[in-house]
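# Pasting a predicted model and its sequence here:
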2 protein chains.
Amino acid sequence: MTGGKKEQILDAALTLFTERGYHGTSIPEIAERAGVAAGTIYSHFDSKEHLVNALYRRTKTKMIEQALAGLPTGGTVRHQFHELWTRLRAFERAEPTGFAFLELHHHADYLDRKSRALEVEALLPIARFLDAASRDGHVRRVSAPALMAMVWGAFVGLVKAERVGYLRFDDALSDQVEATLWDAVKSK
Amino acid sequence: MTGGKKEQILDAALTLFTERGYHGTSIPEIAERAGVAAGTIYSHFDSKEHLVNALYRRTKTKMIEQALAGLPTGGTVRHQFHELWTRLRAFERAEPTGFAFLELHHHADYLDRKSRALEVEALLPIARFLDAASRDGHVRRVSAPALMAMVWGAFVGLVKAERVGYLRFDDALSDQVEATLWDAVKSK
DNA sequence: ATTAAGCGAATGAACGTTCATTCGCAAAAA
DNA sequence: TTTTTGCGAATGAACGTTCATTCGCTTAAT
């Protein structure tokens, strides 16, 4: 079976790209951490650029499946928001390095067309949710992209603050912040 | 005079480090963009690492002076928040590349002790503002670091969304978002 | 005439990538 | 059963390139 080593390489690359960035990580370093020879990486990926794109797609797809796809369309808008928030946080808890990797490599210029297409696909469920909520007058009269950027930005801000040691993003804080942001977003 | 070329080098480095990252930018590239020889960079900075630290400090100091230092301590808390928001946005408008550079290089491992000390110094005025507001019961009973991370994160989220073309962060939107965030933060 | 500033070719280390070779194992031959 | 053959996966030394940094020289200033 060939899957074993390929996964090892992707896992090693995830850690190193997240810690030191794409250009700050060398192929020999990835090979060493993965426990394979440098040449082996090239029997699984055409180039360093193909590797980072494969990793980006694997990680982003996981996030879409676990956090964004199949959000409930029924129930109250508040409940839908709760579901989105909870799943997003669950994904970040389960895959903190993956989440950080996606943030760090967002719109990087070595991402190819296929990877960029995934970015848009990820935003679609949120955009649909906000559009529906806006149409029904449940959220503030602020443009959907702006609300999205605010809420997403706040979430990322909290995750980064935790990573740097400024706070602990535990369940209690998550509930408080969710309530705070909903208060900000909901129509008055 | 030596200042002319030094500034040119710093300006070139700011643009390139922001566009391609620290490891993605070479010294010869910086030299070419600055219109100086590669060797000249080394008569102004000991190394690439010293250069990025000098640039970080120059940029962060500007942001502290223009946006964070000397915030009003009198007046209503709402007015203080308005002042903070307005100055932050003014700085980002005046120096978009500088703002992006600081975001990108936040807590990077090639920053030295002096540079990291500036990060804390930058946060002090905001922390003081939030502590005072919290003591007087004007803001939500959520920890100050969490409120800070949320508001800062939302701001950064909007700036990033604009850079990528998802929205236009104009005065009207800025006012709407400021009001929205204050609504979220203020005590109920 | 002396000094300082700037230059850019030169340097060695490290990079991404290649490729001749080896390895481990399953199927075929004995 | 034991041996041989064949093959894809894995290896790591070696390649050309690019990197950060140095240094002997030229130019300009005093």
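Thanks, I have the structure now. Residues are numbered from 1 along each chain as shown, chains lettered A, B, ... in the order given.
# Could I get the pLDDT score of the one residue sitting closest to the centre of chain A?
The residue lying closest to the centre of chain A (C-alpha atoms, centre = their mean) is A:F99, at 4.4 Å. Looking at A:F99, its pLDDT reads 98.
# what helix or strand is it on?
Applying DSSP states H and E as the criterion places A:F99 in helix A:96-105.
# and whichever strand or helix holds A:M63, what other elements does it pack with?
A:M63 is part of helix A:48-63 when elements are defined by DSSP H and E. On a contact count with 3 or more C-beta pairs under 8 Å, 6 or more residues apart in numbering or on different chains; DSSP states H and E, helix A:48-63 meets helix A:3-20, helix A:96-105, helix A:113-135. Every C-beta, even on glycine, is put in place using the N, C-alpha and C of the backbone.
# So for the last one, what gets flagged as buried?
The one in question is helix A:113-135. A:115, A:118, A:122-123, A:125-126, A:129-130, A:133-134 (16 or more other C-beta atoms under 10 Å in any protein chain shown).
# Of those residues, just say which sits nearest to chain B.
A:L123 (8.3 Å; C-beta to the nearest C-beta).
# ok, now how distant is the closest one from DNA strand D?
33 Å (C-beta to the nearest atom of the strand, to the nearest Å).
# you'd agree that residue is up against A:M148?
Yes: contact criterion C-beta atoms under 8 Å: A:L123 and A:M148 qualify, at 7.2 Å.
# A:D131 touches A:L147, doesn't it?
No: using C-beta under 8 Å, A:D131 is not in contact with A:L147, being 10.6 Å away.
# picking up where we left off before, how about the residue nearest to the centre of chain A, what does it touch?
For A:F99, the contact set (C-beta atoms under 8 Å, 6 or more residues apart in numbering or on different chains) comprises A:63, A:91-92, A:159.
# Repeat that for A:G157.
Here A:G157 is in contact with B:149-154, B:156-157 (C-beta under 8 Å, 6+ apart).
# for A:I41, same thing?
Counting by C-beta under 8 Å, 6+ apart, A:I41 has contacts A:9, A:27, A:30-31, A:34, A:51.
# My reading is that it is in a strand; is that accurate?
No: counting by DSSP: H, G, I helix; E, B strand; the rest coil, A:I41 falls outside a strand, being helix.
# how close does it sit to A:V52?
Distance, A:I41 to A:V52, using C-beta to C-beta, to the nearest Å: 12 Å.
# before we move on, what about A:G137?
A:G137 is 43 Å from A:V52, by C-beta to C-beta.
# Of these two, which one has the most company?
A:V52 (23 against 10; other C-beta atoms under 10 Å in any protein chain shown).
# is it true that the more buried one touches A:H105?
Yes: contact criterion C-beta under 8 Å: A:V52 and A:H105 qualify, at 7.2 Å.
# any weak-confidence spans in chain A?
A:1-3 (pLDDT under 70).
# got any residues that touch both of A:V52 and A:H105?
Common neighbours of A:V52 and A:H105 (criterion: C-beta under 8 Å, 6+ apart): A:17, A:22, A:111.
# among these, which are within reach of chain B?
A:Y22 (C-beta under 8 Å from any C-beta of the partner chain).
# Could you dump the shared contacts of A:V52 and A:H105 into JSON lines with neighbour count added?
Formatted as JSON lines, these follow (neighbours: other C-beta atoms under 10 Å in any protein chain shown):
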{"residue": "A:F17", "neighbour count": "23"}
{"residue": "A:Y22", "neighbour count": "23"}
{"residue": "A:L111", "neighbour count": "21"}
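# Let me have the helices and strands packed on helix A:48-63 in TSV, adding distance to DNA strand C as columns.
As requested, the helices and strands packed on helix A:48-63 are exported to TSV (distance: least, C-beta to the nearest atom of the strand, whole Å):
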stretch	distance to DNA strand C
helix A:3-20	10
helix A:96-105	15
helix A:113-135	17
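# Would you format those helices as JSON lines with distance to A:E178 included?
What follows is these, written out as JSON lines (distance: least, C-beta to C-beta, whole Å):
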{"stretch": "helix A:3-20", "distance to A:E178": "26"}
{"stretch": "helix A:96-105", "distance to A:E178": "17"}
{"stretch": "helix A:113-135", "distance to A:E178": "15"}
